[in-house]
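Colleague: Here is a sequence with its predicted model. Questions after.
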Amino acid sequence: MTTTETVQNENSMVMAIEVSEKHWLLGFSNGEKERKIPIKAWDKERFREEMAKSKAKLGIEGKAPVYCCYEAGRDGFGIHRYLESEGIINTVLDPSSVEVDQRKRRQKTDKIDAGKMLRLQESRYYHGNQRYRIVSVPSRGQEAEMRVHREWERLVKERTGHINRIKSLMALHGVRSGNVLKIDISEVKDWEGQELSKELGEELQREQERLHQVVKHMNQIRAEQRRRTKEPETKADKIVERFVLLKGIGMHSAWILSKEYFGWREFKNRRQVGALAGLTGSPYNSGNSNREQGISKAGNRRIRSLMVELSWFWLRWQPQSELSKWYMKRFGQGGERMRRIGIVALARKLLVALWKYLEFGIVPDGAVFKRIN
């Protein structure tokens, strides 16, 4: 959580928006009275009208500050930017930090959820007690930079799906194929040496064409990544350039680390670095029960999975580094399960080490750089 903030001007209004696809439920409060009004999503004129009405009914001056919040979700940060353009001080809430009733069949309505957010806003701005976590909001440019590797992630899944589909259709007729990208469908024979049916051949041909299109787009993305690594345009591009110097970190991994994590976020300490990736422990100590539930996973899943993968590469390409030696001493002689547990611990240590390397110029102990031709 961040530091608490108390409203200095008591003549102010707090606000919460429960967002859905078609409607927004606007909640207003002055600390004593509340007002909840549903409007059509993105109805800007109605939004301004209800803002003015709420200030009048709650006894708030027209120019008094408004402190708003809504939960992060599918709608992204467009609402946040719109609210700021209207002069509203907005906060994007981490949905997992909003308290919920623990009963099996709990009540859940938009009004209840909006009321909960209003309570949180009142607690923060009227009483100085912040009880929720805040989501960092990237700029438009920083958000746009994430599209490249996220599209790549989706294309990889599409490529795998097309390849598996082609191989499965061929296997139905006893055909074992190698590289389905280069195979000539017209020359494929079934297990009896006969030509494939017209319908099957046409389906395979269309599937292969879609696969070629996906691979073409992947090559375009790779070319763009290489160009921007050689000719950095933004702060995140320069971070990619620094990461790829370390042996064991490739261009694509460095790209994700910079665009998704280090390129625009600010970390105060190593705990924040590990926590945002979900690489922190979850102890369960209550009474006589004392056990560890594993990592929280309450963070960026892309960085978490990437760091586990990078840790295996780090062991291979940086065997003389202190991190690799620590892992081998503690987990290297254990079984497969112990090594898998240890690699998660190494992932967190490596992530913190990369942050120190980027932020303070501290090279991980024993790490070596690539030879630059």
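Modeller: On my side now, so go ahead.

Colleague: Could you pull up the residues touching the residue nearest the centre of the chain?
Modeller: Nearest to the geometric centre of the chain sits residue 300, at 4.3 Å (C-alpha atoms, centre = their mean). Neighbouring residues of residue 300 by C-beta atoms under 8 Å, 6 or more residues apart in numbering: 260, 261, 276, 277, 278. Just so you know, the C-beta spots here come from the backbone N, C-alpha and C atoms, and that holds for glycine as well.

Colleague: List the buried residues of stretch 305-325.
Modeller: In terms of neighbour count (16 or more other C-beta atoms under 10 Å), stretch 305-325 has its buried residues at 306, 307, 308, 310, 311, 314, 315, 317, 318, 321, 323, 324.

Colleague: Kindly report the same for stretch 360-373.
Modeller: 364, 367.

Colleague: mind exporting that stretch as PDB, just the C-alpha atoms?
Modeller: Taking C-alpha atoms only, stretch 360-373 is exported to PDB below (Å, rounded to 0.1, in the frame of the first residue of the first chain):
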ATOM      1  CA  PHE A 360      21.900   1.300  -9.600                       C
ATOM      2  CA  GLY A 361      24.200  -0.200 -12.200                       C
ATOM      3  CA  ILE A 362      25.100  -3.200  -9.900                       C
ATOM      4  CA  VAL A 363      26.000  -6.100 -12.100                       C
ATOM      5  CA  PRO A 364      25.000  -9.500 -10.600                       C
ATOM      6  CA  ASP A 365      28.000 -11.000  -8.800                       C
ATOM      7  CA  GLY A 366      29.900 -13.300 -11.100                       C
ATOM      8  CA  ALA A 367      27.700 -12.500 -14.200                       C
ATOM      9  CA  VAL A 368      29.400 -12.200 -17.600                       C
ATOM     10  CA  PHE A 369      28.400 -10.200 -20.600                       C
ATOM     11  CA  LYS A 370      28.000 -11.300 -24.200                       C
ATOM     12  CA  ARG A 371      30.800 -10.700 -26.700                       C
ATOM     13  CA  ILE A 372      29.800  -7.800 -28.900                       C
ATOM     14  CA  ASN A 373      31.100  -8.300 -32.500                       C
END
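
Colleague: low pLDDT regions in the protein?
Modeller: 1-10, 372-373 (pLDDT under 70).

Colleague: let's see it at 80
Modeller: Filtered on pLDDT under 80, the chain yields the residue ranges 1-10, 104, 371-373.

Colleague: Show me where it has its helices.
Modeller: Assigned by DSSP state H, the helices in the chain fall at 44-57, 78-85, 110-125, 140-171, 198-230, 235-243, 251-256, 270-276, 301-317, 322-330, 336-360.

Colleague: Reformat these as a markdown table; add distance to residue 366.
Modeller: Below are the helices of the chain laid out as a markdown table (distance: least, C-beta to C-beta, whole Å):
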| stretch | distance to residue 366 |
| --- | --- |
| helix 44-57 | 57 |
| helix 78-85 | 43 |
| helix 110-125 | 45 |
| helix 140-171 | 29 |
| helix 198-230 | 25 |
| helix 235-243 | 17 |
| helix 251-256 | 20 |
| helix 270-276 | 19 |
| helix 301-317 | 11 |
| helix 322-330 | 5 |
| helix 336-360 | 11 |
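
Colleague: of all the ones you listed, which lies closest to residue 18?
Modeller: Smallest distance to residue 18 across the helices of the chain (C-beta to C-beta): 4.3 Å, for helix 110-125.

Colleague: in the closest one, what's buried?
Modeller: Residues 110, 113-125 are the ones in helix 110-125 that count as buried (16+ other C-beta under 10 Å).

Colleague: same deal with stretch 205-225?
Modeller: For stretch 205-225, by 16+ other C-beta under 10 Å, it's 207, 208, 210, 211, 214, 217, 218, 221, 225.

Colleague: Also stretch 98-113?
Modeller: Buried residues in stretch 98-113 (16+ other C-beta under 10 Å): 98, 110, 113.

Colleague: doesn't residue 18 make contact with the last one?
Modeller: Yes: the pair residue 113 and residue 18 qualifies as a contact (C-beta atoms under 8 Å) at a distance of 5.0 Å.

Colleague: Which pair in the buried residues of helix 110-125 has the greatest spatial separation?
Modeller: 110 and 125 (22.1 Å).

Colleague: Just give the closest residue to residue 306, not the sequence neighbours.
Modeller: Leaving aside its chain neighbours, residue 306 sits nearest to residue 256 (5.6 Å; criterion: C-beta to C-beta, 6 or more residues apart in numbering).

Colleague: wait, doesn't that neighbour sit right on residue 148?
Modeller: No: if you go by C-beta under 8 Å, residue 256 and residue 148 don't touch, sitting 9.7 Å apart.

Colleague: out of the two, which sits in the more crowded spot?
Modeller: residue 256 (24 against 16; other C-beta atoms under 10 Å).
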